[in-house]
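Student: Can you look at this prediction? I've put the sequence above it.
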Amino acid sequence: MEKPLIYADMKNETSLTIVYSPREDGGAIIKATSDGVPSIEVVFKKDRMDEAHILYMEVTELLRSRAKLNEDPASIRTTIGKLFAAFRGEKVDQASTYHRPPSGEFIANPGKNLTIDVDGVVYERLPVRTRLITLRDTDLMPIIEEYVSPYIKPGDIFFVSEKVLTIIQGRVVDMSTIRPTRLAHFFARNVGNHYGSTDFHGFGHGTALAMQLFIEEAGYVRVLFAAAISAITRPFGIRGLFYYICGKRAKSIDCPMSFLILEYAHSAKLAPNDPSAAARDIRAHLGVETVILDANYRGAFSLGKSTRAISESFIGALFRDNPLGQSDEMTPFCIVRKSV
């Protein structure tokens, strides 16, 4: 049985304490408590423990994030209420009405630099901040025209987060619709995401929810073959073959899709369809080479490119520190140009 957890680090700033209480039946209850008002809670059955772990991480991250922004406790409580409601299966209208205007002021995300040296050449990485892109958006070109076109220059390389292309294509899955198999549970247990330790950076494919989508994307035969090869080669120090054999599309699956953007906190994302065609369409519109990028704390790779001349090693080196971030930065685009 798991141990109970209490998160009160941000109580002074937010007035909220998060309590994770395992139940004897194998489930759990998560509560957001505050003095003088009713608690907000979600009850998880045993078969939904992946969601319980995800919610606990999301709500604690959310409190830290909103406290840094000095948001008032009443607004934070409203936001937490919406997050918990989503995990209770309630339909919540979460879409933001805030419209962020285009800006040529490119600011590095916290802890990141705009410049990076790749093989002796210095490049500027210019994150483009946008409004919140939602499932209501079905065409990427008007968004690119508004936020990117005014600032692109000849010779630039344009990078598009695969997440935004996934959203535009509607390839977002609500967690409640995923039905993990025994195979998904087995494989997920063998993914080392360090959940519960200081080395934890994200769930990756370490939940049965994400692993089920991974298996469906790669195909059962391919996954079983990859697992067999990985089991044979791992004792010899050869790692990574499981993901290499299963392919980039399966590797790109993520659950949860976002820790801090409420619209996607209870969602998983699939890989976008035909990303290379999307990259070529964007190149035709902007006039610069384009890459559909998947980047996280483990590294970066392309899902699609408008030209093969841009190598994977270059992409990996250029985005090795994941300057676009993983959460609520809302920087789905990046203009890259050589520094002068």
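Tutor: Good, I have the coordinates. Numbering: from 1, shown residues only.
Student: Next, Leu209: secondary structure please.
Tutor: Secondary structure, DSSP: H, G, I helix; E, B strand; the rest coil: Leu209 is helix.
Student: all helices for the protein, in order.
Tutor: Ranges of helices in the chain, per DSSP state H, are 11-14, 49-68, 73-87, 141-147, 162-168, 182-189, 208-218, 220-233, 241-246, 248-251, 275-286, 312-318.
Student: Against which helices or strands is the first one packed?
Tutor: Judged by 3 or more CB pairs under 8 Å, 6 or more residues apart in numbering; DSSP states H and E, the packing partners of helix 11-14 are helix 49-68, helix 73-87. All C-beta spots, glycine's among them, are computed from the backbone N, C-alpha and C.
Student: neighbours around Asp119, how many?
Tutor: For Asp119, the neighbour count with other CB atoms under 10 Å is 7.
Student: OK, contacts around the closest residue to it other than its chain neighbours?
Tutor: Of all residues not flanking Asp119 in the chain, Ala317 sits nearest, at 7.3 Å (CB to CB, 6 or more residues apart in numbering). Applying CB atoms under 8 Å, 6 or more residues apart in numbering to Ala317 gives the contacts 116, 118-119.
Student: Nearest to Ala28, out of the helices of the chain?
Tutor: helix 49-68 (4.5 Å; CB to CB).
Student: what sits up against the closest one?
Tutor: Against helix 49-68 from outside (CB under 8 Å, 6+ apart): 5, 7, 9-10, 13-14, 16, 18, 20, 26-28, 30, 32, 42, 44, 75-76, 79-80, 83-84, 87, 175, 180, 195, 203, 207-209, 255-256, 259-260, 265-266, 327-328.
Student: Please spell out the PyMOL selection for the buried subset of these.
Tutor: Burial among these is assessed by 16 or more other CB atoms under 10 Å; the matching PyMOL selection reads:
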select buried, resi 7+10+13+14+16+18+20+27+28+30+32+42+44+76+79+80+83+84+87+175+180+195+203+207+208+209+255+256+259+260+265+266+328
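Student: Distance of the residue nearest to Asp119 relative to Val291?
Tutor: 13 Å (CB to CB, to the nearest Å).
Student: low-scoring pLDDT stretches of the protein, where are they?
Tutor: 1, 93-98, 193-194, 196-199, 201, 326-328 (pLDDT under 70).
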